[in-house]
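Asks: Quick one, fold the following:
(one chain, ligands or ions: 3)
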Amino acid sequence: MPHKKENTSIEGKVFTFKILRFDSHQDQESHFAHFKVTAEKGMTVLEALLKIQEDQDPSLVFRYSCRGAVCGSCGMYINGYPNLACRVQLSGLPSQEVLIEPLPNFEVIKDLIVDMAPFWKAYREVEPWLMPNDREKKGEHLVTEKNRAQIDQFVGCILCACCYGACPVVSRDEDYAGPAALAKLFRFIRDSRDKRDWKKTFKPLNNEHGLWGCDTVFRCVDACPKQVRPTDGIEGLRRRAVCSRGGHHGAGKTHSSESPSNEA
Ligand code: SF4
Ligand code: SF4
Ligand code: FES
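Replies: Ligands and ions are numbered 1, 2, ... in the order given. All right, here's what the predicted structure looks like:
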């Protein structure tokens, strides 16, 4: 069940956190550790973890930075669902027992810190930056309001990897590009300013490890804390690949950089 957001009074209530712990440098197996936290008004899961770290066990580790659902650092499983720890209030949890686990589909380095290298590798490989054809142009590359609305949800991705952790294809294929990278690529296919060479772009992705790997089960859509719908982006990429000459496995025949319509 996704966490509710209503802010009922929790002040003074004792919550039990059951946290999966593992240290890759010394442990053979992971184990659950239990901590009790007295809730304060407006307390989030991240704040509870900080309190545990400060008052009970400084060796408990996890990532965070902004504390405001912006930086994407604090993605983890909370009661079996991916979410940002800084965004989940204790008042919205279904009970005072809280299960905390690291994001699946990653190697655990320690406790809630996972090795994000495969996620960043896939992300880098889609070349997630704007490629205008008039790079020498001085000043801004403006986008119309209509076009901005078309890419808005994908621009909102904060790279938290909650979708990647929830994706069943990533769990069985470590070479799958994953929902966030593919959604980001779709963001550029939709951006009227982007004039990248789609023939070159699709070549490494027009296969089962790329845009044809997705099972379309929408786990990433359910997982995303920022209302991005990666599956829609993947479908858009597929449409582009099919509509381009050659379709599936025909990346070498997709439109060249001179002809993309930026509509998918
Ligand atoms: S698509 Fe959503 S869940 Fe995936 S990385 Fe971006 S913000 Fe996080
Ligand atoms: S819809 Fe595709 S990318 Fe998203 S979680 Fe499912 S298999 Fe993974
Ligand atoms: S701390 Fe930045 S998103 Fe949670």
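
Asks: What helices and strands are in contact with the helix or strand bottoming out on mean pLDDT in the chain?
Replies: The weakest-scoring helix or strand in the chain, judged by mean pLDDT, DSSP states H and E, is helix 198-202 (a mean of 87). Contacts defined by 3 or more C-beta pairs under 8 Å, 6 or more residues apart in numbering; DSSP states H and E place helix 198-202 against helix 230-243. (C-beta placed from N, C-alpha, C; glycine too.)

Asks: Say whether ligand 1 is contacted by the helix it packs on.
Replies: Yes - for helix 230-243, a contact with ligand 1 is found by C-beta under 6 Å from any ligand atom, at P230.

Asks: which residues touch the residue in the stretch 1-150 of the chain that ligand 1 sits nearest to?
Replies: Residue nearest to ligand 1 within the stretch 1-150 of the chain (C-beta to the nearest ligand atom): G72, separated by 6.1 Å. Taking C-beta atoms under 8 Å, 6 or more residues apart in numbering as the criterion, G72 is in contact with 84, 158-161.

Asks: Where does pLDDT dip in the stretch 101-250 of the chain?
Replies: For the stretch 101-250 of the chain, residues meeting the criterion pLDDT under 70 lie at 135, 245-250.

Asks: can you give me the helices for it?
Replies: Under the criterion DSSP state H, counting those that start in this stretch, the stretch 101-250 of the chain carries helices at the ranges 117-125, 145-155, 162-166, 168-172, 179-189, 198-202, 219-223, 230-243.

Asks: Please name whichever of those helices is nearest to R21.
Replies: The closest approach between R21 and any of the helices of the stretch 101-250 of the chain, judged by C-beta to C-beta, belongs to helix 162-166 at 17.7 Å.

Asks: what about the closest one, near ligand 3?
Replies: No - Helix 162-166 lies apart from ligand 3 when judged by C-beta under 6 Å from any ligand atom; the minimum separation is 10.2 Å.

Asks: Run the chain-centre distance for that helix.
Replies: Chain-centre distance of helix 162-166: 6 Å, with C-alpha atoms, centre = their mean, to the nearest Å.

Asks: Now do that helix: everything it contacts.
Replies: Helix 162-166 is contacted by residues 75, 77, 82-84, 103-106, 119, 170, 178-180, 183, 219-225, 228, 230 when judged by C-beta under 8 Å, 6+ apart.

Asks: Any of the residues you listed buried? List them.
Replies: Buried members of these, counted by 16 or more other C-beta atoms under 10 Å: 75, 77, 82-84, 103-106, 119, 170, 178-180, 183, 219-221, 223-225, 228, 230.

Asks: Noted, bye for now.
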